[in-house]
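Visitor: no sequence on hand, only this structure:
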């Protein structure tokens, strides 16, 4: 589709309906842009102008938001938009070859729209299907377990222009792959049971149970949930109609993590109970679920669930018949931006803005969504809070270790026999986990994704717990045959792609380390680049605005500490080499002049003729 | 009650409630390097040049509230080394060819590079392709020099009430845009008299036909280093001698 | 004490690559201090001596960036022979004026200059093997070889060059402060 095919009148009608459907709220800008793109295929310049006018926003602000998110497109992308998940686990399962295969079958170049505007093929950050990869998204819908055969068939389906609805449903099958069940996954949790338990306890007592439980945030940072809740409960609302908010962070973007997907798929009622009772406890009447764009396929089921809860009196005014206890839940969709998993960037995104982390203080518990006291909790944390409501804080504190109470869901992928979800009490050793999932020849485990820590075999006796190896839940296992340099390089590219660009060190530094890694990979590296990586690591760690930048060089630092030969075997010289191929840099001039003599070359060709290179 | 104060490089510096470390330092005439900060606008904390160590933690001086007794390290080899690297990052990210820039000698980026004795860009140049916008009758936009400080964004939005400028893109692709469907400054309601026309610390927003008016040797930072100017320009209290 | 223990005069080589000789002119601007300099150093390869190849030297001064194959050969010759290599001037430090072509396609540049520019009739892109081929991009010298010191400026003033060199000769880590350090 091209700009010409949008006639102004039709555009206005289409957008008018979408903007009206979102109550003409500027805060709904991201949701409006997503809906507009759904109906137009992409976001032409004229559409941005029309949306800005309808919302009474500066056009540049609308364009700024549209330009921030990977899943929003300012240029045509084709009727079939194919995005291969580019996590290292997908790569290890052959996603690179499959991408090339699909491009060949479709006669297209990666990243470029086909001439007939039918299809484009590119990569995207981890789609959270590492246990059933390689995976891809087609028009936002995930396909798992790709194989050469399946890719060939997909090429045919696209060439035949078959609507997605008519593709084999087997392709879209997503499994939970739950391998070990403990406190959460072993139970049946009827909708409303935990909520009723909390209502029965009363808000004050519920907070008391949370303190007893000593539940800590499952998103990785490990902040004590009860303190968060209590701070928000005490914080005054601002303005006349100010209300508190509960936000469930379902922007599960850390590569290798997929446990929230399973909770959202199969334990949504536990999550919604957790959100609702959190609202009851802190005095909030509105909940927001921020769902990462990659999980948009879960939206219909989640919305049905919310409707059912409204019918059953578990949502809306007078919860479970208790007058004055009201709670409503809205779902917001992300649009391909890992940084929005950072809680203040997430709040910005919820407000329809670019997902830029805020400066702290103030913290969201006092000044959060729309400036109001807001609790932002990970999906798993809220599920655990529901368990605390049901079974009590003392019971919960009896699980796990003293500092890390309860259980943890681990997303295990990579070189293991049975990838999937494993729930363990905190304190379990990495060795035990590796034994259970059948990781026979592991040389390394990346715990908590690229921003976490890379453990080598001598560290496998360490324990999964906040006081030892903290984790948001990802465990990617690398067998002895894997190249740890390529693992680190994949992660470096991930951070470059996902840096929001707000602060100088992260914006430029993530590109600089990618340049170093690519230079080493291309055979132009020396000790100089290794020193540079350390230097940039120290700067990003100290001066970055948020955790993304601070952690961006962690995987390089770790692998340089523990797998240095993987780098050193690629180094070309002891001193310094240019980052580019000198001979190749003369290619354009050779072509224009028609020269191919020895002086028109560097390197081998020149040496063969005795010219000093 | 004794007045609130921080210890800035060992020196007691008073501050008032709700002031940041930067506010306190500026008021005391102590220079903390900065690019995206401007006392007339909401602090932003994106350039990170003002990174200091407060009670042992690296923070942005422009956004971190001062607290009584806070120990702040500012002018130290470690911090200046990090700041120099940040400047080098900004220099290679854009195209900063000082000899042809109208703002040379009056440019804060350049002045800071002098201040911190940045002798080379150190990293490989990115050499991005950023076409100029010469559409406006009175003002030229040279995006090659943009350091994404958002001062023009804030000035146009918060003072001029026009929102002529905004940022789009993400990561290394982040870039300044103009509030017009064409993207051209001439198609926005920008005017030379706007506050936004006055605040660019580098050479992006350039008044046409005015370049190189001041001879070399007499330009702002030819005369005195930026740190000396900051110290000289501090607001004097009543009764204090100038 | 001598500048370097056990040594007499130091040997210096200089070259202009993709530059304008302005930095060399600036060196001459140190005027009568040239005599002082010549008491302490001997010049090897340099436009000032017309020596064509660089021998073993203590200090190499490179003016200009890297825009063609010959620039690369000369720079590598200097790096091989000079204990200290110094980038002198804007072009050596960050590519300078010649690098302003970097956002253009080299092929289109050559085409425009030699074939399609107004007034060109029967033009041809020069292809004599004597001529060095241009690289697709112009680079500062530190992107090609390791560089020990940088003296920015377009050009650096005679004062700045003198300060830097006398620091170096006297065994001090060279420093350029206000107003000697400038980029234009």
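Guide: Arrived safely. Just so it is clear, the model here is predicted, and its values are computed rather than measured.
Visitor: tell me who's in contact with the most centrally placed residue in chain B.
Guide: Central residue of chain B (CA atoms, centre = their mean): residue B:35, 2.0 Å from the mean position. Residues counted as contacts of residue B:35 (CB atoms under 8 Å, 6 or more residues apart in numbering or on different chains) are B:47, B:49, B:90, B:108-109, B:112, B:147, B:149, B:201. Just so you know, the C-beta spots here come from the backbone N, C-alpha and C atoms, and that holds for glycine as well.
Visitor: quick one: which of those residues is nearest residue A:601?
Guide: residue B:90 (36.6 Å; CB to CB).
Visitor: burial count for the closest one?
Guide: Residue B:90: 25 surrounding residues under other CB atoms under 10 Å in any protein chain shown.
Visitor: what packs against the helix or strand that contains it?
Guide: Using DSSP states H and E, residue B:90 sits within helix B:77-93. Judged by 3 or more CB pairs under 8 Å, 6 or more residues apart in numbering or on different chains; DSSP states H and E, helix B:77-93 is in contact with helix A:504-521, helix A:527-543, strand B:51-54, helix B:108-115.
Visitor: how far out from the middle of the chain is that helix?
Guide: Here helix B:77-93 is found 14 Å from its chain centre; the criterion is CA atoms, centre = their mean, to the nearest Å.
Visitor: got the contact list for residue A:518?
Guide: Contacts of residue A:518 (CB under 8 Å, 6+ apart): residue A:489.
Visitor: from residue A:540, how far off is it?
Guide: 18 Å (CB to CB, to the nearest Å).
Visitor: quick revisit: now do the residue lying closest to the residue nearest to the centre of chain B once chain neighbours are set aside, the pLDDT please.
Guide: Distance criterion CB to CB, 6 or more residues apart in numbering or on different chains; nearest residue to residue B:35, sequence neighbours excluded, is residue B:47 at 4.1 Å. Note on residue B:47: pLDDT of 98.
Visitor: so residue B:165 bridges to which residues?
Guide: Residue B:165 has these beta-bridge partners by DSSP bridges: residue B:178.
Visitor: please report how far it lies from residue B:43.
Guide: Applying CB to CB to residue B:165 and residue B:43 gives a distance of 18 Å.
Visitor: would you check that residue C:40 makes contact with residue C:9?
Guide: Yes - assessed by CB atoms under 8 Å, residue C:40 is found in contact with residue C:9 at 6.0 Å.
Visitor: picking up where we left off before, the residue nearest to residue B:35 - that's part of a helix, no?
Guide: No - going by DSSP: H, G, I helix; E, B strand; the rest coil, the assignment for residue B:47 is coil, not a helix.
Visitor: my guess is it contacts residue B:147, does it?
Guide: Yes - the pair residue B:47 / residue B:147 is scored as a contact, 7.0 Å apart, by CB under 8 Å.
Visitor: between the two, which contacts overlap?
Guide: Joint contacts of residue B:47 and residue B:147 (CB under 8 Å, 6+ apart) are A:504, B:35-36, B:90.
Visitor: I'd like those residues as JSON lines, with pLDDT appended.
Guide: As requested, the shared contacts of residue B:47 and residue B:147 are exported to JSON lines (pLDDT from 0 to 100):
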{"residue": "A:504", "pLDDT": "98"}
{"residue": "B:35", "pLDDT": "97"}
{"residue": "B:36", "pLDDT": "97"}
{"residue": "B:90", "pLDDT": "98"}
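Visitor: can you put those in TSV and add distance to residue A:532?
Guide: Shown next, in TSV, are the shared contacts of residue B:47 and residue B:147 (distance: CB to CB, whole Å):
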residue	distance to residue A:532
A:504	17
B:35	23
B:36	25
B:90	17
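Visitor: chain C: which of those residues is nearest?
Guide: Among the shared contacts of residue B:47 and residue B:147, residue B:90 lies closest to chain C (CB to the nearest CB), at 12.6 Å.
Visitor: what about the nearest residue to that closest one once chain neighbours are set aside, how many neighbours?
Guide: In this structure, residue B:90 finds its nearest non-sequential neighbour in residue B:147, 5.1 Å apart by CB to CB, 6+ apart. Residue B:147 is flanked by 27 other residues according to other CB under 10 Å.
Visitor: pLDDT wise, what is residue B:147 at?
Guide: 98.
Visitor: got the contact list for residue 189?
Guide: Just so you know, I chose chain A. A:267, A:269-270, A:273, A:386, A:390.
Visitor: that answer is for a different chain, and I need it for chain B
Guide: B:162, B:164.
Visitor: hang on, it in a strand?
Guide: No - Residue B:189 is assigned coil when assessed by three-state DSSP, not a strand.
Visitor: so for the closest residue to chain C within the stretch 401-550 of chain A, what's the nearest residue that isn't a sequence neighbour?
Guide: Taking CB to the nearest CB, chain C has its nearest neighbour within the stretch 401-550 of chain A at residue A:528, 7.3 Å off. Nearest residue to residue A:528, sequence neighbours excluded (CB to CB, 6+ apart): residue A:576, at 5.0 Å.
Visitor: equivalent analysis for residue A:263, please.
Guide: Using CB to CB, 6+ apart, the nearest residue to residue A:263 is residue A:379, at 5.3 Å.
Visitor: again, but for residue B:119
Guide: residue C:150 (4.2 Å).
Visitor: wait, is that neighbour part of a strand?
Guide: Yes - counting by three-state DSSP, residue C:150 is located in a strand.
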